[in-house]
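**Student:** here is a sequence together with a model predicted from it:
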Amino acid sequence: MTREDVFSMLSPRWREHLAAEGIVHPTRAQRAAMPVIHAGKHVLLIAPTGMGKTESAILPLFDLLLRARERGSITKGKTSMLYVTPLRALNRDLMGRLHEWGKAIGIDVRVRHGDTTGPERARQAREPPDVLITTPETVQLLFQGKKLAEMITGVRWVVLDEVHELAGDKRGAQLAVALERLVAKAGEFQRVGLSATVGDAKEVAAYLGGVGRDVKIVRVPVSKKLDLQVVSPKPTARDKRVADIIMARPDAAAFLDAALDRIRTGKQTLLFVNTRETAEVLMARIRLLREKEASIPEVVIHHGSLARDVRIAAETRFKQGLARGLICTSSMELGIDIGEADLVLQMTSPRQVTRLVQRVGRAGHKHDLVSNGVIIAQDADDIAEAAVIVRHTLDDKMERFLHPRKPMDVLANQLAALAMERHGGYSDLEALALVRRAHPFRDLTLDEFEGVLKQLSSLWVVRYENGRVTMKKRTRDYFYQNISMIPDERTYRVIDLASRRPIATLSEGFVASFAEPGATFIVQGQPWRIAEIDTEELEVKVAPIKDPTGAIPSWVGEEIPVPYGVAQGVGALRRELRDRVTSDGEEKAAAWVQATFHTDKDAAWTLLESIEGQGKFELPTDKTITLEIGGSVCVLNACLGTQVNETLGRIIASLLTARLGISVGLDIDPYRIVLALPTRIPHSTIREVLQGIDPEHVPTLLGLVLPGSTYMKFRLFHVARKFGALDRNVDYARVNVGRLLDVFKGTPLHQEALREVLEDKLDVKGAQDALRKLRSGELPLVEQGLSPMGEAGLDKRIELIAPSRADRTLLEAIRNRLMDERVLIGCLNCRAWKSETRVKRALKTRKCPRCGSILIGITRPWNELGTRVMQRAKGSDLDEEERKELQRLTTSANLVADHGERALLALAARGVGPETAGRILHKLHESEDAFLRAIMEAEVNYARTRQFWN
Amino acid sequence: MTTNDDVPLAQPVFGERALLLPQASTIVVGDLHIGLETHLRQAGVNIPSQTQRMRERLAKLLHDTLARRIIVIGDLKHRIPRSTQQEAIELPWFFHGLGTDSVELVRGNHDVDLQGLIDIKVHDAGGIRVGDVALLHGHEWPTEEIIQDARVVVTCHNHPAVMLVDALGHRHKEACWVRARFTQAAQERYDRLRPDTEFIVMPAFNELTGGTAINAPEGGRLLGPLFGNGLIDIENARLWTVDGVDLGTVKSLRKYGGEEKAPRKPRMFGRKKRPGDG
């Protein structure tokens, strides 16, 4: 097809208007996509950002709309097309343009989302637009209300923008069900999905189409070359000065400088960082620097927690070239319009190949041939990671991600929505059939479905009777509190006292943990002090301050996980580098790094130094795991990636915790599992635990281990909300999640929280695989002291893996109590001496002060028989009872003579006579704790079978 | 506390939050708070009613101990000043079919507006006497009558718990039994109080209620006039877990009680990155 042909399918009027706009020649994406879309097929269009994906869909779809209208097959007064995009801050220019285009050819295009004004919404209800641009959440609302529900019955075309993101999360699962609900109301419609470059196109296409619909995949090749580089600046003298100004270390200053230098010498630069926290810290430092140095260029900041106005202002300034640097996070990977950037800087490794591709894709203009990206890396791990990711990018090795399978809280949410849809609700089988057409629920069983329905019913969210699902009083409230599947915490608005304007939002978690009047934090790179917190209105009022030291940025966000493939790549890089240094020498090895991984000289040498720095220590690589212990810290260096390490780490920590009876601290990074132990533990213990884990048991172990973890509790809290067990106004800080767990154990709610954690955060298969290799020896485990590479992972934030009952403390309390018990001791030899004392003092008496015998009997003061016997003079006649008692006392005396303190403790225990004590003492206990536990068990046994207390 | 026969007057039932008076063939429970779920619902926490579970526990207790009588020492129901729909539905059948000779209630501070909801005998908050055992809720003074010559005094009301904090700061709290003695001051208040009378605080029968850590370092604010006026020797009181572990005295357990204030911040994992936030 020639260049002209593609546009020739469009109707003349439409073509004319496009020509008037200057659109005469179709782009590559348009050439590839238009014919298929115009033919009415379901299409998944894959192209990098900035290739005009939206137009590729709109051009033919508007045409189809016009033709259908001419033929008279469009119902008047209804909406024909839905354009769904996940962004709230929609690409305003694009929306504006679509609106104008539509206007010129008689198509009414309107936008509707959370910020849409009341009057505008009313207008849309009165005069339904032909094309409605909206968000996934708002789609849920379109089914409510008579007018809106009527309006959408005319839908013939649906466009899903950023569909690759939707396919990967619960929001998308919710939308998928909504689309099937739409089909039930409006009949089948054409589906067009717009996606960035991903590694699993087929899966995304399946998501888009739902069950039983054929989707054509149209791929627009990445025409732009990626020019990638990894740099790692070493601090210079200047950096030392800068460090003083920004109150940081010289290498942090060098890091910052490397970025600022490029911004200054470039035109428009994007600085991507991985967390909001990093963004704020960077911005704060740049501000400080700008006050002292004139040459620092203006940089603005953009992320999701900033208030809308603030974000728009940043976007505008950057677009207009007033600010030449924009610090941003993953939200900028999407289509927000910020004009064009010449260079993309990534501060520290982007963690995943997919991220790098999408971020660097933001650089370069439409007609450029090259996209420039530079990763500024900090330390050896960071450099290695960045290097591997660059290599994988150039080799086209993108990750494939798991998509949520049958998320039950989404099902719960949509069941409530279905109940509300019509008066009379839905029959359960009808609802099941509908939901099953959505891709994430294709495997949903009747049992699972009913389980969720029943639970919802028990929580008063819906009524489920006689096979029908209908509304209850509570359904509406539940629905409006849970429109979105995003687990948001309630957010507080941050209001600047001076200007009275909102500048940001803070999560309730942050406010609960850190915020109080007088506390300081950073937003927009500015430090602020909290003047007042209003928990009713959910507002935090603040005033700006000068000194940022001690101010914490407020977002403790989740770090992007590093995939197994990248971590192994790092391990392999370490190994190869070491081998090359040995065989070819340093110079050649460094040169190899630079050439293969596109790093600069400093970065290559830093890597080299870290490998050589291991010295005599074994180097952990993709083929070797090292088990290192230093003091009370244990580091397992394993290049298995974040998720596998998280899985293994949790299991090991829990097993250790159970064994030791005391909390063990856990910290994870993609290359290490770090355990903070309460005491010194030998390598052999850890090795035993690790190699003792049967890979088949991993899922079961996790099922036992996870419920107590903080992460799981947090997940459970949010899933509980989605199921309607918790209202939106209930604070995480105030709910005893442990008790919640008890009430909901085993129910679909709990299972969903578990599934989420297992699939999103952990990697069961990967862990099983690693364990198998460890057992077979395929992955050798080398024991050593703490090496430099192991030490590099020691960090601040540790999560506590706690025993379910504070066993160690319990045992300690028991021991103290036993030491304090009152006992009667007496010499069984001369029988002329006895003393009532406490165990702790009885320890000191080894011989009778009268006759020097070591045969000291011990009993409780209220044992009348025993007391009597001890007093009976030697040689006197004893009756049957007394003789037996003497026997017992003699046994106890022998135990004390043989076992000392332990015997005293055992004999002082409740319900433990000389026989039981003997049994406990003669058993070999591997630790003091095990011994105390045996005593505790004997006491509990007595309490259970004989007397609880006396 | 035992009589000379060594048969105890009052013993906890192992693993349960119930006291058995073997000589009176009676089970004593307290703080059932039936209707609690409605309160939680209003606070935004929705859980299905656990009342049936409590009923089953009671049935098992009766079966295992062969007791013929149940005495509830207060807070049978939860809501004050009036009753909720849940209570109106659940209270009437709660004791039916349990196979007891009798069920009695000693009023607790939550037991108001019971008219028509239950048809069991209700005693005043000052307490009753069963043999040598005095039973009351604990929010009001025990009468002179029930105290004189009693060997055991049983209360609940405080939902006692023990807090155990380990070396790394992890906190674990669980319900417990409290066994104490009266102080000298009590001798002055009550004429014929025996010097060796045992004082028991029972853990709440309802497992969903929160608990007050008795061994909290600042002395845990315990409720009721007996505690409020220093009539009970707390420091030397002993605590037992529900499953029979003797933990020793409150005095020796204070060091595991942790600090009241410390909000141990869990590692908060934020949400997964989404478009639009970042």
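**Tutor:** Thanks, I have it.
**Student:** against A:Q691, how distant is the residue of the stretch 1-150 of chain A found nearest chain B?
**Tutor:** Chain B sits closest to A:P86 of the stretch 1-150 of chain A, with a gap of 4.6 Å, by Cβ to the nearest Cβ. (Glycine included, C-beta is placed from N, CA and C.) Using Cβ to Cβ, to the nearest Å, A:P86 is found at 45 Å from A:Q691.
**Student:** comparing those two, which residue is more hemmed in?
**Tutor:** Neighbours of A:P86 and A:Q691, each counted by other Cβ atoms under 10 Å in any protein chain shown, are more numerous for A:P86; the result is 22 against 12.
**Student:** for A:D130, phi and psi?
**Tutor:** Phi and psi for A:D130, reported as degrees, to the nearest 10, are phi -70, psi -40.
**Student:** please work out how many residues are found near it.
**Tutor:** 21.
**Student:** show the contacting residues for A:T845.
**Tutor:** Taking Cβ atoms under 8 Å, 6 or more residues apart in numbering or on different chains, we find A:T845 in contact with A:825, A:835, A:837, A:856.
**Student:** now list the buried members of those.
**Tutor:** Neighbour-count burial (16 or more other Cβ atoms under 10 Å in any protein chain shown) is assigned, among the contacts of A:T845, to A:825, A:837, A:856.
**Student:** any chance of TSV for those, columns pLDDT and distance to chain B?
**Tutor:** Formatted as TSV, the buried ones among the contacts of A:T845 follow (pLDDT from 0 to 100; distance: Cβ to the nearest Cβ, whole Å):
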residue	pLDDT	distance to chain B
A:I825	90	21
A:T837	91	17
A:I856	87	25
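**Student:** show me which of these is closest to A:R831.
**Tutor:** Using Cβ to Cβ, A:I856 comes nearest to A:R831 of the buried ones among the contacts of A:T845, at 11.3 Å.
**Student:** hmm, back to that, between the contacts of A:T845, which sits nearest A:P678?
**Tutor:** The closest of these, once distances to A:P678 are taken by Cβ to Cβ, is A:T837, at 33.1 Å.
**Student:** within its sheet, name the partner strands of whatever helix or strand that closest one lives in and how each one runs.
**Tutor:** Under the criterion of DSSP states H and E, A:T837 resides in strand A:834-838. As defined by DSSP bridges, the strand partners of strand A:834-838 come to strand A:822-827 (antiparallel).
**Student:** quick one: contacts of the partner strand?
**Tutor:** A:833-839, A:842, A:845, A:848, A:850-851, A:853, A:855-861, A:863, A:866-867, A:870-871, A:904, A:907-908.
**Student:** of those, buried ones?
**Tutor:** Taking 16+ other Cβ under 10 Å as the criterion, what is buried in these is A:833-834, A:837, A:839, A:842, A:845, A:848, A:855-860, A:863, A:866-867, A:870, A:904, A:907-908.
**Student:** just the element for the spatially closest residue to A:L704 that is not a sequence neighbour, please.
**Tutor:** Once flanking residues are discounted, A:L704 sits nearest to A:S654: 7.6 Å by Cβ to Cβ, 6 or more residues apart in numbering or on different chains. A:S654 is part of helix A:642-660 when elements are defined by DSSP H and E.
**Student:** what's the burial count for residue 199?
**Tutor:** I'll assume chain A. Here the number of neighbours of A:G199 (other Cβ under 10 Å) works out to 16.
**Student:** hmm, I had chain B in mind actually
**Tutor:** B:F199: 22 neighbours (other Cβ under 10 Å).
**Student:** what does A:I105 give?
**Tutor:** Around A:I105 there are 16 other residues, counting by other Cβ under 10 Å.
**Student:** contacting residues around A:L459?
**Tutor:** Shown in contact with A:L459 (Cβ under 8 Å, 6+ apart): A:723-725, B:46-48.
**Student:** the stretch 151-278 of chain B: helices as residue ranges?
**Tutor:** B:184-189, B:225-228, B:250-253 (DSSP state H, counting those that start in this stretch).
**Student:** return the most buried member of those helices.
**Tutor:** helix B:250-253 (a mean of 20; mean count of other Cβ atoms under 10 Å in any protein chain shown).
**Student:** anything in that one near chain A?
**Tutor:** Yes - Helix B:250-253 comes into contact with chain A (Cβ under 8 Å from any Cβ of the partner chain), by way of B:252-253.
**Student:** make CSV out of the contacts of A:L459 and add secondary structure, pLDDT and distance to B:G127.
**Tutor:** Compiled in CSV, the contacts of A:L459 are given as follows (DSSP: H, G, I helix; E, B strand; the rest coil; pLDDT from 0 to 100; distance: Cβ to Cβ, whole Å):
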residue, secondary structure, pLDDT, distance to B:G127
A:F723, coil, 93, 44
A:G724, coil, 91, 43
A:A725, coil, 91, 39
B:N46, coil, 81, 37
B:I47, coil, 81, 33
B:P48, coil, 80, 35
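**Student:** out of these, which is nearest to A:A567?
**Tutor:** Nearest to A:A567 among the contacts of A:L459: A:F723, at 35.2 Å, using Cβ to Cβ.
**Student:** just to revisit the earlier point, tell me the mean pLDDT for the helix holding A:S654?
**Tutor:** The average pLDDT for helix A:642-660 rounds to 90.
**Student:** the helix or strand that that helix is followed by pairs with which strands?
**Tutor:** Per DSSP H and E, the first helix or strand lying C-terminal to helix A:642-660 is strand A:664-669. When pairing is defined by DSSP bridges, strand A:664-669 lines up against strand A:672-676 (antiparallel), strand A:799-801 (antiparallel).
**Student:** the helix or strand just after the last one packs against which elements?
**Tutor:** Read that as strand A:799-801. Per DSSP H and E, strand A:799-801 leads on to helix A:807-819 as the next helix or strand towards the C-terminus. Other helices and strands packing on helix A:807-819, by 3 or more Cβ pairs under 8 Å, 6 or more residues apart in numbering or on different chains; DSSP states H and E, are helix A:839-842, helix A:901-908, helix A:928-945, strand B:160-165, strand B:246-249, helix B:250-253.
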